[in-house]
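Asker: Predicted model follows, preceded by the sequence.
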Amino acid sequence: MIKKMICGLALMGCALSSQAAVQGFDWSYTGFLPSYWSEVQPQPVYGSYDPGYMLKGRFFAEDRDLNGVFSIQEITSFTIGNQSFMNCTGARECKLRDFSYTPGGALNFYAFDSVEYGTYGSGWSRTSTSYSSRGGFDTTYENDWSWSGESGIAHEITPQTKFAISPVPEPQTWLMLGAGIALLGAAKRRSRKA
């Protein structure tokens, strides 16, 4: 009887410790409509819808006000691809300007990233990319040496674009899974001996 109570308390302890405050989510958008433009050709030229083109990222947040919605003030980490949008260094400027996510609902964000090289008038260039969950993402290329001037490429979200989001398993979740499997194995072994 005491062994069962101790095992029950141990399982409760594992369950309670798995309720970590910070939660992580992997997200992706798949399928975009590309378009290209430049100062010479300002009207966008659209390519074919690409169902395999993917934009993916990850964020970690803590619902500090316990309202069930993660807001920009509650974000601890936000990445797109392998690029962080929280701590930019060197020639790279970036920022997460807008963010909200309700589990089971829509993900809303706007982020940008810009890298500038050289001095204007002597080989200067800048690449800027903006990311929006409402419209897609676009990259603008600027320099002081190209005859075509500023140019860019956009990847627009369409009704065919697929959105997916899933929680990132926490270490405690894996610990509970391992403990549960070990307990099942021990119970099965004990029942064979009896």
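Answerer: Okay, I see it. This structure is a prediction, so every number in the text was calculated from the model and none was measured. Numbering: from 1, shown residues only.

Asker: so which strand or helix has residue 113?
Answerer: Assessed by DSSP states H and E, residue 113 sits inside strand 107-117.

Asker: partners of that strand, with directions?
Answerer: Paired strands of strand 107-117, with direction, are strand 92-101 (antiparallel), strand 125-132 (antiparallel) (DSSP bridges).

Asker: CA atoms of that strand as PDB?
Answerer: In PDB, the C-alpha atoms belonging to strand 107-117 read as follows (Å, rounded to 0.1, in the frame of the first residue of the first chain):
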ATOM      1  CA  LEU A 107      -0.300  33.300 -35.400                       C
ATOM      2  CA  ASN A 108       0.200  37.000 -36.100                       C
ATOM      3  CA  PHE A 109       3.600  38.600 -36.400                       C
ATOM      4  CA  TYR A 110       5.600  41.200 -38.300                       C
ATOM      5  CA  ALA A 111       9.500  41.000 -38.200                       C
ATOM      6  CA  PHE A 112      12.200  42.600 -40.300                       C
ATOM      7  CA  ASP A 113      15.900  42.100 -40.900                       C
ATOM      8  CA  SER A 114      18.400  44.400 -42.700                       C
ATOM      9  CA  VAL A 115      22.100  44.000 -43.400                       C
ATOM     10  CA  GLU A 116      24.100  47.000 -44.700                       C
ATOM     11  CA  TYR A 117      27.700  46.900 -46.100                       C
END
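
Asker: Show me which residues of that strand are buried.
Answerer: For strand 107-117, a neighbour-count test (16 or more other C-beta atoms under 10 Å) marks 107, 109, 110, 111, 112, 113, 114 as buried. The way it works is simple: take the backbone N, C-alpha and C, and place the C-beta from them, glycine included.

Asker: Repeat that for stretch 161-169.
Answerer: Buried residues in stretch 161-169 (16+ other C-beta under 10 Å): 161, 165.

Asker: send the alpha carbons of that stretch over as PDB?
Answerer: Presented in PDB, the C-alpha positions along stretch 161-169 are these (Å, rounded to 0.1, in the frame of the first residue of the first chain):
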ATOM      1  CA  THR A 161      -0.800  28.400 -48.500                       C
ATOM      2  CA  LYS A 162      -0.800  25.900 -45.600                       C
ATOM      3  CA  PHE A 163      -0.100  26.900 -42.000                       C
ATOM      4  CA  ALA A 164       1.100  24.500 -39.300                       C
ATOM      5  CA  ILE A 165       2.100  25.000 -35.700                       C
ATOM      6  CA  SER A 166       3.000  22.500 -33.000                       C
ATOM      7  CA  PRO A 167       4.400  22.700 -29.500                       C
ATOM      8  CA  VAL A 168       8.000  22.000 -28.900                       C
ATOM      9  CA  PRO A 169       8.300  19.100 -26.400                       C
END
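
Asker: Sounds good, over and out.
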